[in-house]
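Engineer: need the 3D shape of this:
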Amino acid sequence: MRVLLWYWGRRGGGAQFALCLARGLMARPDVSLALSISREGDLTPDFQALGLPCDAVAT
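Structural biologist: Residues are numbered from 1 along each chain as shown. All right, here's what the predicted structure looks like:
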């Protein structure tokens with residue numbers, strides 16, 4: 001299954017939830033995951049460190 005995790009928020013609980021969701025989806029062998037995130041987000045480096053295809057968008 002191909003999944004795009006799209007989170008353009010910049011901070012707060014939503015960012016933490018999205019990062020945890022990305023880590024969980026990465027662990028599934030049946031999921032191909034890509035990210036679309038805010039370039040200005042507090043957790044942008046953490047998302048990019050996952051090594052997934054990632055489009056960082058200026059928000």
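Engineer: what about the helices in this protein?
Structural biologist: Residue ranges of the helices in the chain, as given by DSSP state H, are 13-26, 44-48.
Engineer: list the buried residues in the last one.
Structural biologist: Going back to what we said before, that points to helix 44-48. By neighbour count with 16 or more other Cβ atoms under 10 Å, helix 44-48 contains the buried residues Thr44, Phe47. Using the backbone N, CA and C atoms, a C-beta is placed for each residue, glycine as well.
Engineer: can you tell me what sits against it?
Structural biologist: By Cβ atoms under 8 Å, 6 or more residues apart in numbering, the residues outside helix 44-48 that reach it are Ala18, Leu19, Ala22, Leu35, Ile37, Ser38, Gly41, Cys54, Ala56.
Engineer: sorry, back to before: need the helices of the chain in CSV (columns: mean pLDDT and distance to Met1).
Structural biologist: Formatted as CSV, the helices of the chain follow (pLDDT from 0 to 100; distance: least, Cβ to Cβ, whole Å):
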stretch, mean pLDDT, distance to Met1
helix 13-26, 97, 9
helix 44-48, 97, 20
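Engineer: turn the ones you listed into CSV, columns for distance to Tyr7.
Structural biologist: Conversion of those to CSV gives the following (distance: least, Cβ to Cβ, whole Å):
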stretch, distance to Tyr7
helix 13-26, 4
helix 44-48, 8
